[in-house]
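>>> please find the sequence and the predicted model below.
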Amino acid sequence: MAKPVTTRLKPLPVSSPDEQRLCPLCAGDNHCAVASGQDASQCWCMTAQFPPSLLEQTVEYAGKQCICDQCRQLFEVR
């Protein structure tokens, strides 16, 4: 399991379609349904709540690469 970023958030660059399956914060599997070829409505993130400040820090990845649930939860705890 990838170790999530717990200090300053610095998204990783996306360079290939396979990397769409990786969280831009920890490089772990983001379990994105769309990256796996499924409909977006099937993705876990469609029912999850993301802190606005987390989304602001990763806006360049919106619609390209999803944050994993583990990083989302860790950010909420901070």
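Received, thanks.
>>> quick check: chain neighbours aside, which residue is closest to residue 72?
Spatial nearest neighbour of residue 72, excluding adjacent residues (C-beta to C-beta, 6 or more residues apart in numbering): residue 50 at 5.9 Å. To be clear about C-beta, it is placed using only N, CA and C from the backbone, and glycine gets the same treatment.
>>> looks to me like that neighbour is in a helix.
No: going by DSSP: H, G, I helix; E, B strand; the rest coil, the assignment for residue 50 is coil, not a helix.
>>> wait, it sits on residue 66?
No: using C-beta atoms under 8 Å as the test, residue 50 is too far from residue 66 to be in contact (9.9 Å).
>>> residue 20: how many residues sit nearby?
Number of residues near residue 20 (other C-beta atoms under 10 Å) recorded here: 17.
>>> ok, now residue 36?
Neighbours of residue 36 using other C-beta under 10 Å come to 11.
>>> compute the first-to-last residue distance for stretch 32-41.
11 Å (C-alpha to C-alpha, to the nearest Å).
>>> so for it, mean pLDDT?
In this model, stretch 32-41 has a mean pLDDT of 88.
>>> got it, and stretch 65-78?
Mean predicted confidence for stretch 65-78 is 86.
>>> what about it, distance to the chain center?
How far stretch 65-78 lies from its chain's middle: 7 Å, per C-alpha atoms, centre = their mean, to the nearest Å.
>>> what about residue 50 and residue 66, which has more around it?
Set residue 50 next to residue 66 and count neighbours by other C-beta under 10 Å: residue 66 wins out with 26 against 14.
>>> quick one, phi/psi of residue 51?
phi -60, psi 130 (degrees, to the nearest 10).
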